[in-house]
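# Here you go, sequence then predicted model.
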There are 2 protein chains.
Amino acid sequence: MGKKVFGEEELGNNVSSSPTNFPDPAVSNGNGKEKQFFSSDAIINLNQGDPTMFEAYWKEEEKSKIVIEGWQRMSYYSEDFAGKGINDNHICWFMLAEFEKEVRRIHHFVGNAVTADRYIVVGSGSMQLFQAALYAYALSFPIDAPDSPHPISVVCAAPYYSSYPAVTDYLKSGLYKWAGDAHSFKGKSKEPYIEVITSPNNPDGFTREAVVSNRHGDGAGKGLLIYDLAYYWPQYTAITAPFDHDIMLFTFSKSTGHAGSRIGWAVVKDREIAMKMIKFLELNTIGVSKDSQLRAAKIFKTITDNLGNENFFKYGRSIMAERWTRFRNVIKENGIFSLPEYPKQFCNFTGETTEGYPGFAWLKVKEEMEIDDGESLLKKHNILTRGGKYFGMDSRYVRVSMLDREETFNLFLERLSAINSSKK
Amino acid sequence: MGKKVFGEEELGNNVSSSPTNFPDPAVSNGNGKEKQFFSSDAIINLNQGDPTMFEAYWKEEEKSKIVIEGWQRMSYYSEDFAGKGINDNHICWFMLAEFEKEVRRIHHFVGNAVTADRYIVVGSGSMQLFQAALYAYALSFPIDAPDSPHPISVVCAAPYYSSYPAVTDYLKSGLYKWAGDAHSFKGKSKEPYIEVITSPNNPDGFTREAVVSNRHGDGAGKGLLIYDLAYYWPQYTAITAPFDHDIMLFTFSKSTGHAGSRIGWAVVKDREIAMKMIKFLELNTIGVSKDSQLRAAKIFKTITDNLGNENFFKYGRSIMAERWTRFRNVIKENGIFSLPEYPKQFCNFTGETTEGYPGFAWLKVKEEMEIDDGESLLKKHNILTRGGKYFGMDSRYVRVSMLDREETFNLFLERLSAINSSKK
C-alpha cells in the first residue's frame, strides 16, 4: 500500500500541485513537537484566511445562537421537499427554506447581488460549488462524442487563488482541466472554456472583470464565467452595485467569519446549470449539512434584523480599516515590502467613500532588496504565509492573512517591526 | 449554455449512469404538480433509505439537543489543532475532539468495530469518505509514470449499492474507474484494484466477505478493501464481533437516523492512507461541518451514556423486528414476491439470537408470475422503489426502504395487500 512518506513531492503531476496546506506542513512536522503560540519563538500561521477575528463580535450577540433538538431535520430532504419533490420554484431538495430566505434577505440588505428570479444553491463551502459549476458546464456538452470539448479549460487571471488549480486537477477529471493564467489562454475559436473572476481578488484585493471574453470582444457566449464573490462584502470593499452575473459564489466563511460550518451558496441564472450543480452535490456529499444551514440562516437573520448593538458589517469595516492603517504604517517604516493601493470608491451600503481593506495583504519584496523570496524571509521570523508561486506569480510576492485573532495580528505587527529593526 | 432538458439520458456515457435519484424524477416532475402524500392516490417514495422512522425515538430524548453560540467553532480548524498542527495522535485537523471521542465510545459500547490504535477520519457522509479512500489508494502509486496503474478498477459483488458506480465515475477521474461486479472481475496479476464490501449488504441484507481476494487466494495484499459497514448496527443485524479491517466506513444516517447532518466516519489502520483521505476532504470541501460533528457527538453520547428510557439500538431492533414480521406476512399473503431469509445469529450486543432486519427489503417477483419488472409493478400502485438493474441485477428484483415514518410504512403495507387482493 506504499511506504512513501506522505508529502506533496510524491503526488505526481497536476495532482501534486495542491498548495492549500491545511494545516501547513511547517507547523505540522509530524513528530509531535509543535511550537506553541505566543511564546517568544511562537509560530504565527497566516497562511490560511482563517477568519477568527470575527469571534469577538459574535461573543456579544447572544441572539445568534441556535438550538437543534435531537429529532429535528433528520431527513435527507428539506421539509419543503419531503414527499413533494421539485417544482418550478424549488429545485434544491436539500436546502432549508429558512436558509434560502435569509440568503436572499442579506443580499437585499447589503445590496451586493441580485437574487430575484435567481436560483440559490447551497454547498459545503463555496469551493464545493466551484467544482459543481465546472461539472455542470462540462455536462452541457455531449460526453464521449467525437466532437466533445472535454476536458474543458479552466482559467483565471494571475495572481489567482491558489486552490483553483489544485481543486480543478486533484481527481484528474476527464471533464475539465486547469489551464492557467487567463491572460495567456489561447483557446480555439468557439471552444468552450471556464473563466473564474474573483472580485475583490484573492490574493491581491483588486476589483476584477473577465479577461478572456473581454479579449475576444464577443462577450461571455462561448465560455462560462464563474464570479467568486467571497470578499464582496462591506467590511472588505465598497459595495458599488448589486452584481448580476450568471454564476456568483459566496461563502459563510468570509461573509460573517463562520469557516467551521462549511457553508457556501451560488446565485445562478440558468435553471439547467443549477440543476446539474445540484446533481453534483448529490453525488459528492448527498446534500449539505442542515445543522449548518440553520446556523447560517440564524447568523444572517441576526445581521439583517439588526438585533445587535452595532451592525456586523460596519463593525467589520471599522476593524479592518484600523488593522490596515496600522499595517501600512509598519510596512512603510520597515521599508522592505511594497503594498498595493486601492482606489477610493463610494459604498452604497455604508453611504461613505472608502478604500479597500482586503482579507489578505499582498506583499512584494522591493526590487532594491537583495531578497527574492518573501515567504522564506517571513518564515525566518516564524511567520507562515503563502508565497507568490502558488498564485501564478514570482516568489517576491507573498500573501498574508489579515483575518486572525487580535493577539495574533498584534504579534505579527511586532515581528514585522523587528525585521525592520534588525535591518537597520 | 445548452438548451437541453436536464435529465439522465443526456448526460452521456458513465457520467450518465447515476441512479441515485434524489429526489426521484417520478416525484419531481418539474411541472409543479406534485401528488400529495396520504391521499388515496398519494405517492409513497421508498426509493431512498431516508431513515425518518427514528424521529419518533429522538422526540422522547430531550437531552439529545445541541446549543451552539454564534461565536463557537468558527475556525476551519478544530480547537485541538489551532496553532498546533498535526502530531502523532492527531492528524484530522478539522475533526472535533468530542466527535472522535464519542465515535470511539459508541463502537466500544456496541462492540462492532475495533478503534484502538486506529485513525478516525470524519466526512460529510460515508460516500464522501468512499471517494476519499479511492483517491488515497490511487495516490499510493506514481501518477503519470509509464507503469502507473491508473485508472484503478473499483469493483463490488452484485447486487451492489447503486451509488458506487455513479459516484466512482461521475467526474471521469483518471485515477479510478468503476469495473462492475467483483465476481466477474478479471484483473491482471499484481494489478492494484479496489473492492468494496458492504456488510450487511445494501440492497440484499446479507453478511459479506471479500470476493476478489478470496478468489485469488492471496489475501488483500494487492488490492484495497473498503468495508462499508453502514448497516452493521444492532437494529439491523446481529453484532457477531468487533470488525477490524483496513478501512471501515460508517454513517450517522443509518446508525441513528440523522441523514440530514451529512456525517460519516472512517476507521483506518494505515496512517498514509488516512493522511491522503484527509487531503481529499481538504480539497473537496475544506473539512466537514463542525455543527454537525457536534450534533453527532451529542447523539452518540446520549446513547452511550444510556440517558434515555430505553437504549436506542434496542428500541430500533424492536421496531425493525415488528416491521419485518408484518411485512413478511403481507408478502406471504400476496404471493407475488419472494424475499431472502436471513440466518439466526447470536448478537453480542443484545445477548440474544436474532435474524437480520435490513434497512431495505430486496424483493424478487416470483418466476411463475407473468411480470418481469418489480419496480414498474409497484409504481403502478404509487409506490416508488429502485429496480434491480441499478444494483447490477435483473429487473425482477426491486429494493424498498423499510426506514420511513410509521404512517408511510403502514400505507405501504396496505397497498401491498391491495395488489394481492386485485390478483385474487
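Sure thing, it's come through.
# helix, strand or coil for residue A:284?
The three-state label given to residue A:284 by DSSP: H, G, I helix; E, B strand; the rest coil is helix.
# For residue A:51, what are phi and psi?
Backbone torsions for residue A:51, taken as degrees, to the nearest 10, come to phi -80, psi 50.
# what sits against it?
A:253, A:254, A:257, A:258, A:259, A:359, A:403, B:74 (CB atoms under 8 Å, 6 or more residues apart in numbering or on different chains). (C-beta placed from N, C-alpha, C; glycine too.)
# In chain A, what residue spans correspond to helices?
Assigned by DSSP state H, chain A shows helices spanning A:55-58, A:97-110, A:126-138, A:163-169, A:212-216, A:252-256, A:271-285, A:290-304, A:312-334, A:374-380, A:406-423.
# May I have the phi/psi pair for the residue of the stretch 101-250 of chain A found nearest chain B?
Closest to chain B within the stretch 101-250 of chain A is residue A:143: 2.5 Å, counting by CB to the nearest CB. Dihedral pair for residue A:143: phi -90, psi 140, per degrees, to the nearest 10.
# Now do it, the pLDDT please.
Model confidence at residue A:143, given as pLDDT, is 92.
# and if you look at residue A:62?
Value listed for residue A:62 in the pLDDT field: 88.
# Tell me how many other residues surround it.
Residue A:62: 13 surrounding residues under other CB atoms under 10 Å in any protein chain shown.
# And for the one 3 residues further on?
Using other CB under 10 Å as the criterion, residue A:65 is surrounded by 17 other residues.
# The nearest residue to it once chain neighbours are set aside: how many residues sit nearby?
Closest residue to residue A:65 apart from its sequence neighbours, by CB to CB, 6 or more residues apart in numbering or on different chains: residue B:69 at 4.7 Å. Using other CB under 10 Å, residue B:69 has 13 neighbouring residues.
# again with residue A:209
11.
# For chain B, give me its nearest residue in the stretch 301-424 of chain A.
Closest point on the stretch 301-424 of chain A to chain B, by CB to the nearest CB, is residue A:302, at 7.0 Å.
# Grab the nearest non-local neighbour of that residue.
Nearest non-adjacent residue to residue A:302, counting by CB to CB, 6+ apart: residue A:64, 4.4 Å away.
# residue contacts, the one you found?
A:58, A:298, A:299, A:302, B:69, B:70, B:71.
# let's go with 7 Å and repeat that
A:58, A:298, A:299, A:302, B:70 (CB atoms under 7 Å, 6 or more residues apart in numbering or on different chains).
# what's the burial count for the last one?
Taking other CB under 10 Å as the neighbour definition, residue B:70 ends up with a count of 25.
# With the first one instead?
Around residue A:58 there are 22 other residues, counting by other CB under 10 Å.
# so it touches residue B:73, yeah?
No. When contacts are counted by CB atoms under 7 Å, residue A:58 is not listed as touching residue B:73 (10.9 Å).
# for the contacts of residue A:64, which one is nearest residue A:373?
residue A:58 (37.3 Å; CB to CB).
# which one is the most centrally placed residue in chain A nearest to, not counting chain neighbours?
Most central in chain A under CA atoms, centre = their mean is residue A:230, positioned 4.9 Å from the mean C-alpha point. The shortest distance from residue A:230 to any residue other than its chain neighbours is 4.5 Å, reached at residue A:254 (CB to CB, 6+ apart).
# wait, what's in contact with that neighbour?
A:51, A:230, A:231, A:233, A:359.
# Residue A:149 and residue A:142 touch, don't they?
No. Using CB under 7 Å, residue A:149 makes no contact with residue A:142, being 9.1 Å away.
# For the nearest residue to residue A:208 once chain neighbours are set aside, give me phi and psi.
Counting by CB to CB, 6+ apart, the nearest residue to residue A:208 once its immediate chain neighbours are dropped is residue A:199, at 4.2 Å. When quoted as degrees, to the nearest 10, the phi and psi of residue A:199 stand at phi -150, psi 120.
# Show me the shaky parts of the stretch 201-350 of chain A.
Applying pLDDT under 70 to the stretch 201-350 of chain A flags the ranges A:214-221, A:308.
# can you rerun that using 90?
Scanning the stretch 201-350 of chain A for pLDDT under 90 picks out the ranges A:213-222, A:306-310.
# Could you list the contact residues of it toward chain B?
A:257-262, A:270, A:272-273, A:275-276, A:282-292, A:295, A:299, A:302 (CB under 7 Å from any CB of the partner chain).
# Show the low-confidence segments of the stretch 1-150 of chain A, by residue range.
In the stretch 1-150 of chain A, residues with pLDDT under 90: A:1-43, A:62, A:79-90, A:144, A:147.
# And the strands in it?
Taking DSSP state E, counting those that start in this stretch, the strands of the stretch 1-150 of chain A run over residues A:44-45, A:66-68, A:119-123.
# Just put these in a markdown table and tack on distance to residue A:344.
Shown next, in a markdown table, are the strands of the stretch 1-150 of chain A (distance: least, CB to CB, whole Å):
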| stretch | distance to residue A:344 |
| --- | --- |
| strand A:44-45 | 31 |
| strand A:66-68 | 39 |
| strand A:119-123 | 32 |
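# Fine by me, thanks again.
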